[in-house]
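**Student:** here's my sequence, what's the structure:
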Amino acid sequence: MIIHHSSKQLLIASLVGSLLSGCAGMNDQQTTVAQGAGFGALLGAVAGQAIGGNTRSTLIGAAAGGLIGAAVGSSIAERKAQYANEEDFLVAEIQRNQEFIREADEENRQLYAEIDRLDRESRRLAREYRAGKASRDAMLRQKSSLEQQLAKAKQVNSLAEKQLADA
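**Tutor:** The predicted structure is shown next:
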């Protein structure tokens, strides 16, 4: 049977197209490798036909192109998988950092409220102490409370700095 030049290319293109339709049930990596092999085979067949001008050259070109295309497709599939893993990692890191920021904001709001309360209490005690209405013990308790709050604020700050260094 004699097949004309354009008919050969149409036959090869149809064959490649029908083979690629089988990619529907494959995972992304398999699909990418199959697409690389298919496109490589198509380009190899066209190059083989252009160089040799006969069926044997076309088939050799298709086989060589398919192998090269599969190798390129495999390399691309590996990079795609790596990018997907890195993207998943980065999304998780962003979520972790957003949660930390929410927690730090809440802790800061509580610290500001406590500092405000302690500041008002300190001013009140200072007035009472000057007026002779507050004892030295009350002032020392207030000082102790302020020192505890300062230690807590430093601890929160240290945790925030560690989190930022890890980000």
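**Student:** quick check: longest helix of the chain.
**Tutor:** The single longest helix within the chain, with elements called by DSSP state H, is helix 55-130.
**Student:** following the chain past it, name the next helix or strand.
**Tutor:** helix 136-166 (DSSP states H and E).
**Student:** mean confidence score for that next one?
**Tutor:** Mean per-residue pLDDT for helix 136-166: 81.
**Student:** quick one: list the elements packing against that helix.
**Tutor:** Where contact means 3 or more CB pairs under 8 Å, 6 or more residues apart in numbering; DSSP states H and E, helix 136-166 is packed against helix 55-130. C-beta coordinates here come from the backbone N, C-alpha and C atoms, glycine included.
**Student:** now the angle from the helix it packs on to helix 136-166?
**Tutor:** Orientation check (axes from the mean of the first three to the mean of the last three CA atoms, to 10 degrees): helix 55-130 against helix 136-166 gives 170 degrees.
**Student:** mind checking how far helix 55-130 is from the chain centre?
**Tutor:** On the basis of CA atoms, centre = their mean, to the nearest Å, helix 55-130 sits 6 Å off its chain's mean C-alpha point.
**Student:** then stretch 37-50?
**Tutor:** Here stretch 37-50 is found 37 Å from its chain centre; the criterion is CA atoms, centre = their mean.
**Student:** okay, now the unreliable bits of the chain?
**Tutor:** Where the chain drops to pLDDT under 70, the residues are 1-8, 11-12, 14-24, 167.
**Student:** domain map for it?
**Tutor:** Per automatic domain parsing, the structural domains of the chain span 5-83, 89-166.
**Student:** what's the most buried one of the ones you listed?
**Tutor:** Most buried of those, by mean neighbour count (mean count of other CB atoms under 10 Å): domain 5-83, with a mean of 16.
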